[in-house]
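Enquirer: What would the 3D arrangement of this be:
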Amino acid sequence: MLDDFMVRAILAGIGVALAAAPLGCFVVWRRMAYFGDATAHAAILGVAISLAFQMSIFVGTVSVALAMAMVVTAISGRGYAMDTILGVLAHSSLAFGLVAVSFLSGIRIDLMAYLFGDILAVSRTDLVVIWGGAALVVALIAWRWSSLLTSTLSEELAYSGGLNPRREQLILTLSLAITVAVAIKVVGVLLIAAMLIIPAAAARGLARTPEAMAVIAAGIGAFSAVAGLRGAYVFDTPAGPSIVCVAALCFAVFGMFGWRGGRSG
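Expert: Below is the predicted model of the structure:
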């Protein structure tokens, strides 16, 4: 079954959707869209470093994403608004990554595949990495679900309950870094943030509980992956952008019919 490239692509898309869904809910609740964008853009620098030192792309992107998070934490609250800091870091890391890639000699790199994804070229090894990363992200979020919700609702409430909001933030950051690393092959660095935010935003108006929102977001993400791949096959369009387009249409449709119901946050 895995010999069929389309089957591998569908499994890869569903794996990324499962990882991005619960994490995307927290990104929406915490208004961390810029943070997700900055982390995704930094992945290109991670790719360049990985190729330069002949190491795993997964390790390089996770390392750079975590470094980005630490830099943001270190310089936040020093006179600049958070969205300004994230904007500067996002575009700077993307630019440095693209420049670094241009210095790599003797290495063939399909830059468009990293920017917009190349889901149709997913291999069996890629599937292992994607589903392994997705399982790790889901396990981390499930393990700390209650604590993450409390910290998201109110830091004061978290402190009063004996929780450390900074530790919960670190768990979210680690989960985001892993998700970016596994999603880069599927939708590329320029569209990763969209797959984090759009399914979760579409699910928000349909769900009455946070848990339901995560499950619905996973369903929307998986449907977007399958329908987007089908659309790309039928209309001969780029696979990664097609997946995001389906997710955006789901947001538009559910926005019209779902927001009359209860909200989950």
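Enquirer: how far away is L153 from M82?
Expert: To M82, L153 is 19 Å away according to C-beta to C-beta, to the nearest Å. For every residue, glycine as well, the C-beta is placed using N, CA and C.
Enquirer: Over to T61?
Expert: T61 is 23 Å from M82, by C-beta to C-beta.
Enquirer: out of the two, which sits in the more crowded spot?
Expert: T61 (29 against 15; other C-beta atoms under 10 Å).
Enquirer: Next up, the contacts around that one.
Expert: A43, G46, V47, S50, A177, V180, A181, I184 (C-beta atoms under 8 Å, 6 or more residues apart in numbering).
Enquirer: Show me which of these is closest to G36.
Expert: V180 (8.2 Å; C-beta to C-beta).
Enquirer: and that closest one, how many neighbours?
Expert: 28.
Enquirer: Lowest average confidence across helices and strands of the protein, where is it?
Expert: The weakest-scoring helix or strand in the chain, judged by mean pLDDT, DSSP states H and E, is helix 57-75 (a mean of 81).
Enquirer: Alpha carbons only: can I get it in PDB?
Expert: Extracted in PDB, the C-alpha atoms of helix 57-75 (Å, rounded to 0.1, in the frame of the first residue of the first chain):
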ATOM      1  CA  ILE A  57      16.800  18.100   8.600                       C
ATOM      2  CA  PHE A  58      14.500  17.300  11.500                       C
ATOM      3  CA  VAL A  59      17.200  17.900  14.100                       C
ATOM      4  CA  GLY A  60      18.300  21.100  12.500                       C
ATOM      5  CA  THR A  61      14.800  22.600  12.200                       C
ATOM      6  CA  VAL A  62      13.800  21.600  15.800                       C
ATOM      7  CA  SER A  63      17.000  23.100  17.100                       C
ATOM      8  CA  VAL A  64      16.600  26.400  15.300                       C
ATOM      9  CA  ALA A  65      12.900  26.600  16.200                       C
ATOM     10  CA  LEU A  66      13.800  26.200  19.900                       C
ATOM     11  CA  ALA A  67      16.600  28.700  19.600                       C
ATOM     12  CA  MET A  68      14.100  31.200  18.100                       C
ATOM     13  CA  ALA A  69      11.800  30.600  21.100                       C
ATOM     14  CA  MET A  70      14.600  31.300  23.600                       C
ATOM     15  CA  VAL A  71      15.600  34.400  21.800                       C
ATOM     16  CA  VAL A  72      12.000  35.700  21.800                       C
ATOM     17  CA  THR A  73      11.700  34.900  25.500                       C
ATOM     18  CA  ALA A  74      15.000  36.600  26.300                       C
ATOM     19  CA  ILE A  75      14.300  39.900  24.500                       C
END
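Enquirer: Could I get the full set of strands for this structure?
Expert: In the chain, no segments count as strands under DSSP state E.
Enquirer: gap between L149 and I178?
Expert: Taken as C-beta to C-beta, the span from L149 to I178 is 20 Å.
Enquirer: Have a look at the two and say which one is more surrounded.
Expert: Shown here are L149 and I178; by other C-beta under 10 Å, I178 has more neighbours (23 against 17).
Enquirer: That one touches V62, doesn't it?
Expert: Yes: counting by C-beta atoms under 8 Å, I178 touches V62, with 6.1 Å between them.
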